[in-house]
Structure formats: C-alpha cells, structure tokens
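Q: predicted coordinates and the sequence they were generated for:
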Amino acid sequence: MANQLGDMLNFGIYPAVFDALTINHMMSVAFSTKIQKLIARAGGSVDPALIAEVVRENEIRMSTGDIGAVLSAVSVVNGLAVTSSGEIQYQQRRSGGTFSSNAEHVSLNSTKGMLIPNSISSSQDSQEGAALEISYFPLRVGSNAPFIVNVDQNLTGLPGVNYLYKQGPIVYENTLLKDIQDSRCDFGITFEQWRGSGDVSAEEGAIVNREPKMEFTGRNLKLLSSIGGGLSGITNGITQYYRRVGYGDATGNHIAVSFNAGTYEVTDVSGQGTKSVDQKVEVTCAGTVSIALDAQIPTS
C-alpha cells in the first residue's frame, strides 16, 4: 500500500485487546510517552550539544462503560499482568463515509505489560453512565521496545455496548443514603517499573502501594453531624452501589464497592444562591477494597 504519510487522515478509537480480554465499549484513549531526557551542555555554551532518552515509561489511559466485564478479568487489588498481547487500535475514517473497510488502520502492540484499574466515577444525571478508568503500562521484552506502532492493519473485535451502569445509593454505617449526587471510587494502585544497568525502559514491575479512596457528594447535612469536623473512624463499613441500567434492585446484577475499615472526612460544604447545599465526603480505606459484581441494591 502506498505511503500516505502527509495526507489528511483521521482515526477514531476502537476496542482494545489484552490477552483474553476485549474491551468493546471504549469511551476514551490517551497515550502518554512519559519520556525523561538527558540534555547536555558543554561549559561555555548555552546551547544543547546532546539529547538522549534516560527514562521511558509509556502509559495508555482508557475509560470504558463496560465496567462489569473489565473488572471480572482485572482485579481491583492486583490488576492484570498481560503476558501475550496488549493492543490499542485506531480505526481510519473514510472521507465521504464512516470508516475504512480495508487494512488501513493503526495499532499499538506490546507483548507484555500491566493493566491497572484506576477508578470508577459516576454522577446522578450523567447521559453517558458510570465510567471505569484504567491504565496500561507496556513493558520491554528483551531488546524490543515496550510497544511498536503498526500501520495498514486489520482490526480485532467489534464495538459494542454490553451493559451500562449509573449512580446508585451508598450504605453508610448500615444507613442507606438516598441523596447521592456523584461519586468516585479510586482503587489507589501504584505500579512501579524496574530499570537497571542503563536500561531506558523497564522489563519488569510491581505494585508497590495501594491507597483506596472513595469520594461522594450528598445533600443531607445530617451526615455532617454524624462525621463531624475531623476524621471519623469506619465502624460497620461503607458500600457504594452502581446500578446496572435496565435491571431491578433485587436482581443481583449491580456493582458494590466496599471499605470495611478506615476514616470518613467531610472535605467541603458549599451552597450558592437558590441551589441546594452540596456536602463532599472523602473515605480513606485501611486495608484492601472489596468489590462484588453481582450485588443486590438494598431498598432500606
């Protein structure tokens, strides 16, 4: 196929593939090189004489609405070690139509890497539903780069919306909170890449830290009385629910994220004009987060 570099070409995002996991419902994809450079100047000169890579920690951040399917394969505690194939795909658009049906697409391919779940976020009246943000860290295999860019490719998988989730209630210390406006569950995983002997990119890495947090906004200020103006300890636990769209509360199809130990803190109480006063709460987990993908939502 002729080299089209320089032509007006446009691409859209497409399902991503990590070993046996295909993420059909992609909402966003962002690639960051995370390069650190050595810039050398000789004494007596103000201009760079040499520029070289010192560190390369490529990261691909994605968001998806297919939360249940992804978290059934990717642990919110340990992530997913990708051992055979990590593929990010971009679909070429067709002028005068939609997308090309030929092998004209672009993919980022790696053999090895780590898939980390970052957070779930949702809001009461969102027209997109809840979103799961995940990061993929490609790792070097031998002398190969962490990933390679392939052009003029066929595509794998098909776009699809399997299930959608939206904001649900919170159970705070055995009390059902029905006034939740938005929430974010951050799994707090830090993945560290290992380099040595002059390597620029890493061949191995490990999870070195976990700090799960939960943030939510509510409007019943009686919760402020319960928590107070400082830190309040978790006694019976807190659970954030995400409703699967189209399913009843008692069907066992919803997502529940729970902290059993840690602290509560009211971080902000704000009101303006005739609008309702919003109360923001931060929950810090002591220990590990637990998640259920087949939960029932309590009604009281």
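A: Yes, it's here.
Q: what helix or strand is the residue nearest the centre of the chain on?
A: Nearest to the mean C-alpha position of the chain, counting by Cα atoms, centre = their mean, stands residue 133 at 1.7 Å. Under the criterion DSSP states H and E, the helix or strand holding residue 133 is strand 131-139.
Q: ok, then the element right after that strand?
A: Next along the chain after strand 131-139, taking DSSP H and E as the criterion, comes strand 148-153.
Q: by how many degrees do that next one and strand 131-139 diverge?
A: Taking axes from the mean of the first three to the mean of the last three Cα atoms, to 10 degrees, strand 148-153 and strand 131-139 form an angle of 110 degrees between their directions.
Q: partners of strand 148-153 in the sheet?
A: According to DSSP bridges, the neighbouring strands of strand 148-153, each with its direction, are strand 105-110 (antiparallel).
Q: for the strand it pairs with, what is the distance to the chain centroid?
A: Relative to its parent chain, strand 105-110 has a centroid offset of 20 Å by Cα atoms, centre = their mean, to the nearest Å.
Q: can you list contacts of that strand?
A: Residues from elsewhere that reach strand 105-110 (Cβ atoms under 8 Å, 6 or more residues apart in numbering): 11, 14, 31, 60, 82, 85-92, 138-139, 146-155. Heads up, the C-betas are built off the backbone N, CA and C, glycines and all.
Q: can you point me to the longest strand in this structure?
A: If you go by DSSP state E, the chain has its longest strand at strand 112-123.
Q: same for that one, what does it pack against?
A: In terms of contacts (3 or more Cβ pairs under 8 Å, 6 or more residues apart in numbering; DSSP states H and E), strand 112-123 is packed against helix 67-71, strand 80-82, strand 86-92, strand 131-139, strand 165-172, strand 182-186, strand 189-194.
Q: return the set of buried residues in the last one.
A: Pointing back at strand 189-194 there. Buried residues in strand 189-194, counting neighbours by 16 or more other Cβ atoms under 10 Å, are found at 189, 191, 193.
Q: next one: the shortest one
A: Residues of strand 80-82 classed as buried: 80, 82 (neighbour count, 16+ other Cβ under 10 Å).
Q: from the chain's centre, how far out does it sit?
A: Averaged C-alpha coordinates place strand 80-82 at 15 Å from its chain's average position (Cα atoms, centre = their mean).
Q: which stretch among the helices and strands packed on strand 112-123 comes nearest residue 125?
A: Taking Cβ to Cβ as the criterion, residue 125 comes closest to strand 165-172 out of these, the separation being 8.5 Å.
Q: just the mean pLDDT for the closest one, thanks.
A: Strand 165-172 shows an average pLDDT of 97 in the prediction.
Q: name every strand pairing with that strand and say which way it goes.
A: strand 175-177 (antiparallel), strand 238-244 (antiparallel).
Q: circling back: okay, the helices and strands packed on strand 112-123 in CSV with distance to residue 220 next?
A: Written out in CSV, the entries for these read as follows (distance: least, Cβ to Cβ, whole Å):
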stretch, distance to residue 220
helix 67-71, 27
strand 80-82, 38
strand 86-92, 43
strand 131-139, 26
strand 165-172, 10
strand 182-186, 15
strand 189-194, 32
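Q: of these, which is nearest residue 4?
A: Residue 4 lies closest to strand 86-92 among the helices and strands packed on strand 112-123, at 9.4 Å (Cβ to Cβ).
Q: for the closest one, C-alpha coordinates in PDB please.
A: Taking only C-alpha atoms (Å, rounded to 0.1, in the frame of the first residue of the first chain), the coordinates of strand 86-92 have been written out as PDB:
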ATOM      1  CA  GLY A  86      -1.700  -5.800  24.600                       C
ATOM      2  CA  GLU A  87      -3.300  -4.000  21.600                       C
ATOM      3  CA  ILE A  88      -4.600  -0.500  21.300                       C
ATOM      4  CA  GLN A  89      -6.400   0.100  18.000                       C
ATOM      5  CA  TYR A  90      -7.300   3.200  16.000                       C
ATOM      6  CA  GLN A  91      -9.800   2.900  13.100                       C
ATOM      7  CA  GLN A  92      -9.200   5.000  10.000                       C
END
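Q: for it, packing partners?
A: Counting contacts by 3+ Cβ pairs under 8 Å, 6+ apart, strand 86-92 is packed against strand 11-13, strand 16-18, strand 105-110, strand 112-123, strand 131-139.
Q: can you show me the helices along the stretch 201-300 of the chain?
A: If DSSP state H, counting those that start in this stretch is used as the criterion, the helices of the stretch 201-300 of the chain fall at 222-227.
Q: mind showing which ranges of it have poor pLDDT?
A: Within the stretch 201-300 of the chain, no stretch falls below the threshold (pLDDT under 70).
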